[in-house]
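[1] Let me see the structure of the following:
(2 chains)
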2 protein chains.
Amino acid sequence: MWVCGALRWMRTPAQLPPRLLASWRLHYGAASSYSASADPSRVRALVYGNHGDPAKVVELKNLELAAMGGSDVHVRMLAAPINPSDINMIQGNYGLLPKLPAVGGNEGVGQVVAVGSRVTGLKPGDWVIPASAGLGTWRTEAVFSEEALVGIPSDIPLQSAATLSVNPCTAYRMLVDFEQLRPGDSVIQNASNSGVGQAVIQIAAALGLRTINVVRNRPDIQKLTDRLKGLGAEHVITEEELRRPEIKNLLKDVPEPRLALDCVGGKSSTELLRHLAPGGTMVTYGGMAKQPVTASVSLLIFKDVRLRGFWMSQWKKNHSPDEFKRLILTLCDLIRRGQLTAPTCTEVPLQDYQRALGAAMEPFVSSKQILTM
Amino acid sequence: MWVCGALRWMRTPAQLPPRLLASWRLHYGAASSYSASADPSRVRALVYGNHGDPAKVVELKNLELAAMGGSDVHVRMLAAPINPSDINMIQGNYGLLPKLPAVGGNEGVGQVVAVGSRVTGLKPGDWVIPASAGLGTWRTEAVFSEEALVGIPSDIPLQSAATLSVNPCTAYRMLVDFEQLRPGDSVIQNASNSGVGQAVIQIAAALGLRTINVVRNRPDIQKLTDRLKGLGAEHVITEEELRRPEIKNLLKDVPEPRLALDCVGGKSSTELLRHLAPGGTMVTYGGMAKQPVTASVSLLIFKDVRLRGFWMSQWKKNHSPDEFKRLILTLCDLIRRGQLTAPTCTEVPLQDYQRALGAAMEPFVSSKQILTM
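    Numbers count the residues shown, from 1 in each chain, chains lettered A, B, ... in the order given. Purely as a prediction, here's the structure:
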C-alpha cells in the first residue's frame, strides 16, 4: 500500500531496476497486450492513456482479447478492488508505473476459462489472482501468461479472494518478518481502519498479538472503535489521544510494542516511534500524510529504534512463487476459520466505475470499492 | 560517540533501563568511590559536581584512594582522551549520566599497580582500559573492580591504547555488524575527520572496503583531504559537493554504498541516504547538527533503505566481556600491522586541563586532546 501522491522514486520503466523491469515486461508486454476490438461487445476494460486525475483519465473501453499462446491462460475476471495504490499508479505517483495506455487495477480474482497446451498448474474453473502488481485487473477478461497468475482455493468468499493479494499479504509479512513476536506481545499501528490496518488487527489477533490501533478522529468514532474491536483490536485511540501524556497510563496493561506499522509518515510516525520499545522496529508501508518520517538521533542511538520500509511488490520479487503461494494458503486458512474477513466492501458494476473511483478517493470512506464484472 | 547537545533520552539513573543501571552502580558505586583526601598529594582527579559548561564545572581536586577489596585493582592512569561524549556527559546531554559529583572521562589506559587477592585476570604491570563507559578516567590513579577493566597488550603505542575503547571499536562494529560487505564494496560517511571517521577510513581500508568521506568545507580542505587519503580514504568530498548533481559522475567508479555512517543527522544524513544503494543501511551514531534524521517515505518503501542507530555502550551491554576482549585484540592486530593509528593527538598534562577542554570544544580542531597523568 502506498498512498502518498507527492513523493516519487521511479517514474518510467527506464528507471526501474532490472528485476522490476523484467516483471514489467511480463505484465505489460505480450502477456496482456490489447488493441482496439473488432468485436466491441467482447472485452471491456478500464483504460488510462495518460497519468492524471483518475476521474478524468480512466475510460471504459472495448478491447480485443489477445491471442492465446501455449503458456497462456484465458481468465474471466470476477471482482477487482480499487486500492489506494491503484489510484497512485494512475496519478503517476508509484514505485512501479505501466507503459501507457494501460488497464487499471493491480488486484482481483478471476476464473480460468481456458489454458494453453503448455500450462500445467492451472485448469478451467480454477480461481486465480495476480502474481505481481501491474496486471491490469479492471477488465472483464484477459489472456495472461501462466506465470503472471497464482491459483487459489475457490472455497473462500469472493470479496476475500478479490482482496487477498495486497493488504492481507502486506499485513502478514509485516507482522512476521521484522520482529520475532510471541503471543502476548503487542503491535502499534496507525491508519488502523485501512485495508492493511483491518488485516493487521485480525491476523495479529489470530497470532495472539495485542494491537494498539491509532485512527484519525471522526464524527462516528465510537462506531469505528466498536467495529475494529469486533475484529480483535485491543485498544483503539485517536491520533490526538496518542499525543497526550496520559496515554501511557491507558496503555500500561499492554507490553511496550516492539513493532510499529506506519501507513502515514510525518507526525503520526513520530508518535508511533515514541511508543516503541527499545530495540523495536517501525515499518513504514504508506505515506498518507505526504510528510517524511523523522526520527530523533537520540531515539536511534540510545533507544536503538529501527526504521524500515515494506513494499509487497518488492517482497514478491525477492521470494519464489512457491513462497507467495504458501503465504496465500496460510491466509486462506485464516479466512476459512473465520479469523480473517474482507474489509467492508461496496460492490459496484464495472460500468459504474466513475462512482466507484470517486468513492475510493473520498477521505474517511470506510468501505472498499470492488468492481464486479 | 554522541555529540548532540540538544537531544536527551535519559537524564538520571532512575530513568536508566535495568541493564544500564546495573553497570552504573558498578562504576559510580563502590568500585570507584572517592572522598576528600587526607593526603592531598596522592590522587588528583578532574571532578564535576554539577552538569554544565565543562570550563566552569570541572575542577582539579585531590581525592583519597578507595580501600582495596579482594576483587579490586589499583590502577595508575597513563593517558586519557577528551572525547565529544565526555563533554556531552558533563553537559548532562548523554544517554548515561553519572551520580554527581563524578570524575570525568570514559576512556583511557592505565597500568596495574596492585591487585586484590581474588583477582585472577590481571597482574601488576598490565595495561588496562575501561570495560564500559562511565569509569572516570581523568585521574592519576584509582581503585576499580576487576570486572570494570579489560587487560590489553602493552606493545602498542600509548596514544593508540588510550583511544582504543570508543572510536575504533565503534568504527569496527559499524563496518561489520549492519551489512555483510565484501572487499571492493563501498561505505559512505560524514564527519569523516572525527575520531570514529578516521578509524572508519583505516579499518575499511584494512578490510578492502572503499570509502566515500564527507567533510565540512574549511580553509585548509586540501590539507585535510591529503591527510585522510593518506589514511586510506578513496574519495574526500565536502557537504556542498555531495549535494551537487555532478557528484554522481565523480563517484561512478565506486559501487553504490550499502552502508552509510552518520555522525551528523539533519540534512547531512538526508544526503547520505540519497546515495545509499537499494536495501542499504544508514547507521547514525552522532548528532552534530542537532537535527533529527529525516527519511522520505518513498526511500523507505520503494528503495528499502534501513535506518539504525549505534551506541558502543549498548553493544557492550549486549555482548560478553570476552567478545569485547576479542574486538580489542582484533584492533591491536591492526595497530601492530600499521593499519590503524591513533588520531592526531595533542598530549596535555592533567593540570592543564582547562586548555585541553577548551581545545576539545573548538570546532574544526583536528587534534584529539589527551590528558597525561
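[2] where's A:D322, which helix or strand?
    Using DSSP states H and E, A:D322 maps to helix A:321-336.
[3] which strands and helices sit next to that helix?
    strand A:149-152, helix A:167-177, helix A:195-206 (3 or more CB pairs under 8 Å, 6 or more residues apart in numbering or on different chains; DSSP states H and E). For every residue, glycine as well, the C-beta is placed using N, CA and C.
[4] got the residues of the stretch 251-373 of chain A near chain B?
    When proximity is defined as CB under 8 Å from any CB of the partner chain, the stretch 251-373 of chain A approaches chain B at A:265, A:278, A:284-287, A:292-311, A:314.
[5] Got a PyMOL select line for the buried ones in the residues you listed?
    Applying 16 or more other CB atoms under 10 Å in any protein chain shown to these, the buried members can be selected in PyMOL as follows:
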select buried, chain A and resi 265+284+285+286+287+292+293+294+295+296+297+298+299+300+301+302+303+304+305+306+307+308+309+310+311+314
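[6] Now intersect the residues of the stretch 251-373 of chain A next to chain B with the helices, please.
    A:297-302, A:314 (DSSP state H).
[7] With respect to B:E239, which of these is nearest?
    Of all those, B:E239 sits closest to A:V297, with 17.1 Å by CB to CB.
[8] Grab the nearest non-local neighbour of that closest one.
    Nearest residue to A:V297, sequence neighbours excluded (CB to CB, 6 or more residues apart in numbering or on different chains): B:G287, at 3.3 Å.
[9] ok so, going back, and the helix holding A:D322, how far from the chain's centre?
    On the basis of CA atoms, centre = their mean, to the nearest Å, helix A:321-336 sits 15 Å off its chain's mean C-alpha point.
[10] same question, stretch A:181-197
    Centroid displacement of stretch A:181-197 relative to its chain, using CA atoms, centre = their mean, is 15 Å.
[11] Compute the number of surrounding residues for A:R42.
    A:R42 has 13 neighbouring residues, counting by other CB atoms under 10 Å in any protein chain shown.
[12] Over to A:N318?
    11.
[13] quick one on the thing from earlier: same list, the helices and strands packed on helix A:321-336, but as JSON lines with mean pLDDT, distance to A:L250 and mean neighbour count please.
    As requested, the helices and strands packed on helix A:321-336 are exported to JSON lines (pLDDT from 0 to 100; distance: least, CB to CB, whole Å; neighbours: other CB atoms under 10 Å in any protein chain shown):
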{"stretch": "strand A:149-152", "mean pLDDT": "96", "distance to A:L250": "40", "mean neighbour count": "22"}
{"stretch": "helix A:167-177", "mean pLDDT": "97", "distance to A:L250": "23", "mean neighbour count": "23"}
{"stretch": "helix A:195-206", "mean pLDDT": "97", "distance to A:L250": "18", "mean neighbour count": "25"}
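[14] so can I have CSV of those showing distance to chain B?
    Listed next are the helices and strands packed on helix A:321-336 as CSV, based on distance: least, CB to the nearest CB, whole Å:
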stretch, distance to chain B
strand A:149-152, 23
helix A:167-177, 11
helix A:195-206, 13
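[15] got JSON lines for these, with distance to B:R173 too?
    Converted to JSON lines, the helices and strands packed on helix A:321-336 look like this (distance: least, CB to CB, whole Å):
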{"stretch": "strand A:149-152", "distance to B:R173": "42"}
{"stretch": "helix A:167-177", "distance to B:R173": "25"}
{"stretch": "helix A:195-206", "distance to B:R173": "34"}
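[16] Ok, which of the ones you listed comes nearest B:Q202?
    With CB to CB as the criterion, B:Q202 lies closest to helix A:167-177 of the helices and strands packed on helix A:321-336, at 36.0 Å.
[17] tell me the angle that closest one makes with helix A:321-336.
    For helix A:167-177 against helix A:321-336, the angle by axes from the mean of the first three to the mean of the last three CA atoms, to 10 degrees is 110 degrees.
[18] Other residues contacting helix A:167-177?
    Contact with helix A:167-177 is made by A:1, A:83, A:181, A:187, A:194-200, A:203-204, A:207, A:209, A:259, A:261, A:283, A:285, A:310, A:312, A:315, A:324, A:327-328, A:330-331, A:340, A:343, as judged by CB atoms under 8 Å, 6 or more residues apart in numbering or on different chains.
[19] can you give me the strands for the stretch 1-150 of chain A?
    A:43-48, A:58-63, A:72-81, A:102-103, A:109-115, A:127-130, A:141-145, A:149-152 (DSSP state E, counting those that start in this stretch).
[20] Sheet-wise, list the partners of the fifth one with their directions.
    This points to strand A:109-115. Strands adjacent to strand A:109-115 in the sheet, as given by DSSP bridges, are strand A:72-81 (antiparallel), strand A:127-130 (antiparallel).
[21] Could you dump the ones you listed into TSV with mean pLDDT, distance to A:I247 and mean neighbour count added?
    Below are the strands paired with strand A:109-115 laid out as TSV (pLDDT from 0 to 100; distance: least, CB to CB, whole Å; neighbours: other CB under 10 Å):
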stretch	mean pLDDT	distance to A:I247	mean neighbour count
strand A:72-81	98	34	24
strand A:127-130	97	39	24
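[22] Only the buried residues of stretch A:321-340, if you could.
    For stretch A:321-340, using 16+ other CB under 10 Å, the buried residues are A:324, A:327-328, A:330-332, A:334-335, A:339-340.
[23] To clarify, my last question referred to stretch A:248-264.
    For stretch A:248-264, by 16+ other CB under 10 Å, it's A:251, A:254, A:257-264.
[24] One more: stretch A:351-371?
    For stretch A:351-371, the neighbour count (16+ other CB under 10 Å) marks A:353, A:356-357, A:360-361, A:368-371 as buried.
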